[in-house]
Structure formats: structure tokens, C-alpha cells
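Student: Have a look at this fold, sequence not included:
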């Protein structure tokens, strides 16, 4: 009953006209950002971080969260109509959605993705409402050794497990950790790598790195490598789902939600894996005619499932972010930065110290999902117009917004030179397939992990055994090792068995 | 085998760059105090870990680059070779923005950056096959105006609505 009261109080805060306005603007900006290729929610939130100096914490967190999940709604529109995903999370949607659009069913694809996003988002919000406080109660019992291990787990999954190359993932992680070293040491107050520059005592601004790596690098990459005629756009048909579309979408939405939600809660780096799994599951469950539509005319399940999965995953990332202070996606990492700008450290205490904020934020998720359904179903035609913006104007416009974000944060023209330099690094990383997420996560989580590690060591009076003596921390350590080792063993096993069959084949 | 975006030259350079970063971190770590207080490690511990890890990563990257290129590479999207003139225009725009923003103000500086970047992107598109040949000067003037039409509302929103400082040509907060 307590939960219910707190949620109601949250609604009371979230439903004030000014907060409703922030929520609406956030959802609208999020949808736009999702629709526009080349700009994602992480960079949009990063560019708008300067508002944290003026707008109060509750309003800006509602706003940022709106951008975050709004982008997932918008991303599918681009995937379906252009076959270039607006977001990484909607890559899979592009496969079936684009086929559906080509065979004249763009409207049905857009409808199933918007309704599916709404259902998944709402179910996931209910789950967040129920489980986040429980997890927070539990997390209060965790000490520095456990936190440190959780962060190590986040580092491991985001760098070594996801992505194609462990080495390049680790390079990105350690570059991020190195950037995070700059500034004042949290425990002793010692200045590190500041080269005597007073501005560097506070560390490098996350806005600078995120906007440089994502926005400026994107624009530079486009001018360098992606010149050429604009892509052809599929025709938008009436946004409508037939009775059979509904019947086929329902189970896919629910399965997608069930697959996506757990993935959001673990540090597995966003929504790419669950969307892929959901797609595979839908293909497996499809039969007869419906199965034939996969990869040919476009199967509606292949849009409904992954779209639900990515929204559920995105909403679920709020659980580790709010209750443990551990971001599991790029955007969540930047949201953590936003909290830090207010001097708020997300973690189990957040539910007691900033209960108003947390519950208003959760209530705003319910409201935002309704707003997004309206923004994306009847008004989809409006967003499609955004796709008509010529590419030169789009990318050059992104540069203007990048300037606002970076300059607005610290009023330093030198930061704009750094922004360009980081953009160049981003181009190189993109060209040579270095992942960028580990840089951002490493930079934000690095100083926190270091503080937890040193606190843990002083608990253990300087002994590293503290990490294996405590059962929870030892378990987490085992999970980290398993996550590191298991995929490798499996890969080696399958590689050796396939080479064995190849040899056998040669022999016969 | 030389793959797209996988020429060993740049890959080697990346490895060398990593070694340089590792060097900076390690040299910096030498100067940091190791006084640990109650905890087992001092403020120089993580710098050492990061420095040595980057050193190892750099060596491995270098080794991969010299022995057939990076492993498990995703083919990069887009053209095989960069279109450097376009890159030059956009870089000029970004650096001009950094140099001029405090003197000519946010709106004008950003419009200039916008126009230069658009010029680069337009040439890149033409380079890739589209050819809308028009008066270059008229086009640039139009781009400048479009840039202003984007930058001005953004500027007003930040300075007037959110009261966040952005540099202006005048101190009125309008331009």
C-alpha cells in the first residue's frame, strides 16, 4: 500500500502543468531524435545537459527520460521507411519493417511498432514500479566490495563481451578510464593529470566526450565517407492494423517484453541483443504462411517483437541506474552524469533521500508512454517530414546543437577545439571498429569504481581478500569470471568441433 | 590482405598512439603519491593499472596491425577512401567556430560553421554522384541564412528562456 501512495504522490508531482510540459517536450524531442539518423538519445541528452544548471532536478530528469524512451519510438519510423535504423536498437526492425513497407504495408508496420512500444513500455514501467524499491531495499545491504564487483561486471560486459573484439573493447574501456582519472581523486583530494590547469580539477566534462564521440564524429564521418545520393524513401500507407495483424502482434509484443526487460536490468549494454533474440524467437514461433513472410514480404511479428523488446529493455535500464547507480547503456551513463550535476548519487539511498524525484520520474514514464503513443500513431506523418531534411543541413545542424551543449556547459572556447579533437578520435574509432560505449561508461563509472575499491580495501584493512571473503562479492567475482571465460570456451569448442567436421569431410 | 578501412598503416599508427597515451599515464603516475592511509592503495594505484593496461593493449594492437591487421573487423560503412576536401571544409567550420565564438557571438559564428559544413557535405554528395550545379555564392549565402534561422532560436531559447550564458555580438541577448 505504501508503494501505491508513493506512486500517487509521484503522479501528483509529475502531473503539474510545468512537469507535464517538460515530459511532453522530452517525448517530442526524443521522437525527433529517434527519427533523425545520425543522432541518438545519448548525444541529445548530452547536448542538453547544460540545462541542469538552471532547471530543477525533477523537471530535467523527467525531460531527459522522455528523450531516452521517446527515441525508441521514433527509431522504428526511420527503420521502416528508410531501411537505415534511426537507432541501434531498431536495427532489427529495419529488416522486416522495411520489407513490409516495400510491399505497401508501412502503415501496419508503424502501427504495430508504436502500439508494441507502448505496451512494452507500460508493462516495463509497472515492473520497474514493483521491483525497483525491492531491489533498493536489498541494495542497501551491499557494501563497497559488492559495489566494486558490480562495476567490474559492468566494465567486463560492456567492453569484453559485447562487440566483436575483446582487445578493441578493452582499449576503449581503458581510454575511458584514463579520461576519468583526470581531476581530483575522490578519496584523498589529490589532483591527477591536471597539468596545473584549474578547470581540469573537476575532471573532463562528459558532455564534451559524448558529443564529440557521437555527434561531431558522426558528422565528420558522413562528410568523409558517406557522400552520395539520398536514399529512396518508402511510401507511407494508412496507419492501420487489420484484425489478423492484431492477432499476430499481441503474442509478439508480450514475448518481446519478456525478452527485453531482463536484458535491460543486467549490464549488457543496451538493446541490441534482446531485439535480436526477440527476432529469432518470432521466426521460430511463426508457422506456415506467416513464416514465409519473413525476409520476403515482411512479417509483422518481426517488427512487433523487437520493437517491444527494445522499449522494455530501455525502461528496465532505469532499475540498475536508480537503485545501484550503475548505468547499463550509453544514455543511462549520461543520465547518471545528469544526476551528478545535481550532486545526487543514484543508489539505494535514492529511494529514501530523493523519493519525490524518483517517484515523479517513474510516474512520468506512465504519462510519457501515453503521450508517445499519441505522438507516434495519429501524428506519425509529421515526423516522417523530418526525413525530408537534406543530409547536409541535418549534419551541419547537429554541429550547431553540439556547440550549444559544449559551450553552454563551461563557457570555454577551448572546449570547442577539444570537441573537434575528440570528434577526430571518434571517426578513427568508427572506421577501425572500436566500440564507443566502453569509453563513456569507463569515464563515468571509473572514478566511482575506484572510490568503492579503496573503501573496500580500507574495510579489509588493506587486504584484497575482502573481495572473496564476503559471499556476495565472491559470487559477483565468480560471475565476472564466468562472463569472461564462458563465451571463449564455447567459441573454441564450436570452432574445434566445426574444424573437426571439416577435416572429416576432407578425409572422406 | 588489405581490407577496406583495414590498411595496416593507420592501424599501426593507432597502436603507436595508444603506447604514447600509456606513456603519458605512466609518467604521470610516477609523480603521484602512494600514501595509502587506511586503504591498501593510494591515489597512484589506478593510474598504474590503467597505464600498464593501455601499454599491453597498445602492444597487442600493434602486433595485430603488423600481422595481417585487426582481427574480427566489421567492414566500415561508406566509401573506401575518405573525401578529404569535404572534411577540410567541415573542419574549417568547426575550428572557425571555436576561434570566433567569443568575438562575433554564438549566432554568427555558428551560422558560419553551418555554412562551411554544408558546403563540405554538399561537395561530398556531388562527389558521390549527385550533381545539383548551382551558383556557389548564392548557395552559400542561402546556407548562411538557414544557419542563422537554426542558430538564432536556439540562442534565444538558451539565453532568454533558460538564462544560460552564450556569447553574443552585443550584450542584448538577442544577437
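Tutor: Yes, it's here. Computed from a predicted structure; not experimentally measured.

Student: surely residue B:14 meets residue A:432?
Tutor: Yes: counting by CB atoms under 8 Å, residue B:14 does reach residue A:432; the two are 6.3 Å apart. (Each C-beta comes from the backbone N, C-alpha and C, glycine too.)

Student: ranges for the helices of the stretch 351-500 of chain A?
Tutor: Using DSSP state H, counting those that start in this stretch, the helices of the stretch 351-500 of chain A run over A:355-376, A:380-384, A:391-410, A:413-431, A:437-459, A:466-469, A:471-507.

Student: Quick one: these as a markdown table, columns for mean pLDDT too.
Tutor: Formatted as a markdown table, the helices of the stretch 351-500 of chain A follow (pLDDT from 0 to 100):
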| stretch | mean pLDDT |
| --- | --- |
| helix A:355-376 | 94 |
| helix A:380-384 | 87 |
| helix A:391-410 | 90 |
| helix A:413-431 | 93 |
| helix A:437-459 | 90 |
| helix A:466-469 | 90 |
| helix A:471-507 | 74 |
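
Student: And the ones you listed: which comes nearest residue B:156?
Tutor: Among the helices of the stretch 351-500 of chain A, the nearest to residue B:156 by CB to CB is helix A:391-410 (11.7 Å).

Student: what does the stretch 151-300 of chain A put close to chain B?
Tutor: A:164-165, A:167-168, A:170-171, A:174-175, A:177-178, A:181, A:185, A:187-188, A:190, A:192-193, A:216, A:219-230 (CB under 8 Å from any CB of the partner chain).

Student: One more pass at 6 Å, please.
Tutor: A:164-165, A:167, A:170-171, A:174, A:177-178, A:181, A:185, A:188, A:190, A:193, A:223-229 (CB under 6 Å from any CB of the partner chain).

Student: residues contacting residue 47?
Tutor: Just going to use chain A. A:211, A:401, A:405 (CB atoms under 6 Å, 6 or more residues apart in numbering or on different chains).

Student: not what I meant, chain B
Tutor: Counted by CB under 6 Å, 6+ apart, residue B:47 has contacts A:181, B:25, B:29.

Student: next one: residue A:327
Tutor: Residue A:327 neighbours (CB under 6 Å, 6+ apart): A:321, A:333, A:336.

Student: how about the contacts of residue A:47 in a markdown table, adding distance to residue A:361 and neighbour count?
Tutor: Shown next, in a markdown table, are the contacts of residue A:47 (distance: CB to CB, whole Å; neighbours: other CB atoms under 10 Å in any protein chain shown):
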| residue | distance to residue A:361 | neighbour count |
| --- | --- | --- |
| A:211 | 24 | 33 |
| A:401 | 24 | 20 |
| A:405 | 22 | 24 |
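
Student: Could you single out the nearest of the residues you listed to chain B?
Tutor: Ranked by distance to chain B (CB to the nearest CB), the contacts of residue A:47 are led by residue A:401 at 7.1 Å.

Student: Just give the nearest non-adjacent residue to that closest one, would you?
Tutor: residue A:47 (5.2 Å; CB to CB, 6 or more residues apart in numbering or on different chains).

Student: And the pLDDT for the one you found?
Tutor: Looking at residue A:47, its pLDDT stands at 89.

Student: With the one 3 residues further on instead?
Tutor: As summarised for this prediction, residue A:50 has a pLDDT of 88.

Student: cool, residue B:131 as well?
Tutor: pLDDT, residue B:131: 49.

Student: ditto for the one 3 residues further on
Tutor: Residue B:134 carries a pLDDT score of 61 in this model.

Student: same check, this time on the one 10 residues further on
Tutor: According to the prediction, residue B:144 has pLDDT 94.

Student: so it makes contact with residue B:116?
Tutor: No: the criterion here is CB atoms under 6 Å, and residue B:144 misses it with residue B:116 at 9.6 Å.

Student: For the stretch 1-150 of chain A, which segments count as helices?
Tutor: A:2-14, A:17-35, A:41-47, A:57-82, A:91-102, A:106-139, A:144-156.

Student: Kindly compare burial across those helices and name the winner.
Tutor: helix A:41-47 (a mean of 30; mean count of other CB atoms under 10 Å in any protein chain shown).

Student: Tell me the gap between that helix and the middle of its chain.
Tutor: 11 Å (CA atoms, centre = their mean, to the nearest Å).

Student: same check, this time on stretch B:72-90
Tutor: 14 Å.

Student: likewise stretch A:223-233?
Tutor: Put simply, stretch A:223-233 sits 26 Å off its chain's centre (CA atoms, centre = their mean).

Student: In it, which residues have enough neighbours to count as buried?
Tutor: Along stretch A:223-233, these residues count as buried under the neighbour rule (16 or more other CB atoms under 10 Å in any protein chain shown): A:223, A:224, A:225, A:226, A:227, A:228.

Student: The third one - nearest residue in space that isn't next to it in sequence?
Tutor: Counting by CB to CB, 6+ apart, the nearest residue to residue A:225 once its immediate chain neighbours are dropped is residue B:78, at 3.2 Å.

Student: Counting neighbours, what do you get for the one you found?
Tutor: The number of residues packed near residue B:78 is 20, by other CB atoms under 10 Å in any protein chain shown.

Student: Equivalent analysis for residue B:67, please.
Tutor: 9.

Student: How much space separates it from residue B:60?
Tutor: 11 Å (CB to CB, to the nearest Å).

Student: before we move on, what about residue A:75?
Tutor: Taken as CB to CB, the span from residue A:75 to residue B:60 is 35 Å.

Student: Likewise for residue A:124?
Tutor: 40 Å.

Student: Tell me how far the host helix or strand of residue A:178 lies from the chain's centre.
Tutor: Using DSSP states H and E, residue A:178 sits within helix A:166-181. The chain centre lies 19 Å from the centre of helix A:166-181; the measure is CA atoms, centre = their mean.

Student: residues in contact with it?
Tutor: A:155, A:159-160, A:163, A:192-193, A:204, A:434-435, A:438-439, A:442-443, A:446-447, B:25, B:47, B:50, B:53-54, B:57, B:60.

Student: by how many degrees do the helix or strand containing residue B:100 and helix A:413-431 diverge?
Tutor: Assigned by DSSP H and E, residue B:100 belongs to helix B:84-127. Angle, helix B:84-127 to helix A:413-431, by axes from the mean of the first three to the mean of the last three CA atoms, to 10 degrees: 60 degrees.

Student: tell me, which of the helices of the stretch 1-150 of chain A is the model least confident about?
Tutor: For these, where the average pLDDT is lowest is helix A:91-102, sitting at a mean of 85.

Student: how distant is that one from the center of its chain?
Tutor: 21 Å.

Student: Of all the helices of the stretch 351-500 of chain A, which one comes closest to residue A:105?
Tutor: Going by CB to CB, the one of these nearest residue A:105 is helix A:380-384, 14.2 Å.

Student: buried sites along the closest one?
Tutor: For helix A:380-384, using 16+ other CB under 10 Å, the buried residues are A:380, A:383, A:384.
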